[in-house]
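1. Output the structure for:
(chains A and B)
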Amino acid sequence: MAAEELPSIDALGQFELTTSLGAFGRSVNFTQSNTMMLIASALVLGMLYFGMRPKAVVPGRLQALAEMGYEFIYNMCSDQIGHEGRRFFPFVFTLFFFVLMGNLLGLLPYSFTYTSHIVVTFALAAAVIVLTTVVALYLHGWKFFTYFFPAGAPKMLAPLIIPVEVISYLSRPVSLSIRLFANMVAGHVMFEVFASFVVMLAAAGTLGVVGAIGPLALNVVLVGFELLVAALQAYVFAILTCIYLHDAVHLH
Amino acid sequence: MNEHTGDGGGSFESRLAAARKKQGLDPTPPAQSVGGSQTTSMGVGLRVGVELLSALVVGVALGWYLDRWLHTSPMLLIVFVLLGGAAGIANVWRLMAPKRG
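-> Residues are numbered from 1 along each chain as shown, chains lettered A, B, ... in the order given. Here you go, the predicted model:
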């Protein structure tokens, strides 16, 4: 292999959008990201429908999965938000499973991680923040705006505290979306880089093939790690939503 | 007197709990860190970084657009960068400070 003509590592090409579903997709710009979203939604709905259809007292595997998912989010809502939190259960449940499915499906070969696009994660986070603001305004009316000025702070500091609190409040959707997006992108870039190492080393001859075992093994480990990250980030997204809803409901 | 005589002692509930514990069936409740995020130091570091960055991003964006709107470039950008940094510190403080009541 010529040293001057090394194949470059195209780590970000995997996030490029292409249209899917043939001519229909091309005409309405239906991308593979959208397809994955549809598949994820169908999988979640299918899991719930086929899981709960037997209605067995002793649940089978799929029913146990559906019930565990239900109870997990239900407990999260009632623990984090309080008794009223159960009203937000459908929202948090949908959000959690949409993000979780996006993260997990993205780990399959030839698939696409829609949560690796900041547009998608920011849209989800914006939905969260709009909902929390609307809930807070609905429950507390004008008192909501006292949230931006903690009680007991000296009045002199108001011109400083209020902008800082407003920016802090507005930074919530940004941090929520950046966290998920950055974790997903970082994981997939690492996959791509190490996989490229394997190909490049293997192309370099017998010694390279032996050397390629290293990055290959690392990639195998990385898959396990990414499974953890996928579940953890969906959990973090859901629980932060719950915490923001708690703030909206209780307005401490 | 409730005497424990080996495996036969104790109520059914306590023996069941002990057996479940031995088999690892009772999941230990996940440690609730502030914000419910990961407890590893790397996770905390990542969260702090994201919080600082996002507040700064919002500050810059607000300052930039207010400047464009009010034609006061670059005064408001400067002010809002500082406020954004302060908001980032406030976010981190809220993340790290011991929970109030």
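2. so where's the stretch 1-150 of chain A shaky on pLDDT?
-> A:1-7 (pLDDT under 70).
3. Recalculate using a threshold of 80.
-> Along the stretch 1-150 of chain A, segments meeting pLDDT under 80 span A:1-14, A:19-22, A:25, A:150.
4. can you list the residues of it near chain B?
-> residue A:80 (C-beta under 8 Å from any C-beta of the partner chain). No exception for glycine: its C-beta is placed from N, CA and C like everyone else's.
5. Can you get me a residue count around the closest residue to chain B within the stretch 1-150 of chain A?
-> Relative to chain B, the nearest point of the stretch 1-150 of chain A is residue A:80 (7.4 Å; C-beta to the nearest C-beta). When neighbours are defined as other C-beta atoms under 10 Å in any protein chain shown, residue A:80 has 21 of them.
6. Could you say whether the closest residue to it other than its chain neighbours sits in a helix, a strand or coil?
-> Once flanking residues are discounted, residue A:80 sits nearest to residue A:242: 3.7 Å by C-beta to C-beta, 6 or more residues apart in numbering or on different chains. What DSSP: H, G, I helix; E, B strand; the rest coil gives for residue A:242 is helix.
7. Which pLDDT value goes with residue A:242?
-> Per-residue pLDDT puts residue A:242 at 91.
8. in chain A, which spans are helices?
-> A:22-28, A:32-52, A:61-80, A:89-105, A:118-140, A:158-202, A:206-211, A:213-250 (DSSP state H).
9. The residue of the stretch 1-150 of chain A closest to chain B touches residue A:246, doesn't it?
-> Yes. At 5.6 Å, residue A:80 counts as touching residue A:246 under the criterion of C-beta atoms under 8 Å.
10. Is any residue of the longest helix seen in chain B near chain A?
-> In chain B, with assignment by DSSP H, the single longest helix is helix B:41-70. Yes. Using C-beta under 8 Å from any C-beta, helix B:41-70 reaches chain A at B:46-47, B:50-51, B:53-55, B:57-59, B:62.
11. Could you give me the buried positions within that helix?
-> B:44, B:46-47, B:49-59, B:61-64, B:66-67 (16 or more other C-beta atoms under 10 Å in any protein chain shown).
12. swap in stretch A:180-187?
-> Buried, per 16+ other C-beta under 10 Å, within stretch A:180-187: A:180-185, A:187.
13. and if you look at stretch A:11-31?
-> A:11, A:15, A:19-20, A:25, A:30-31.
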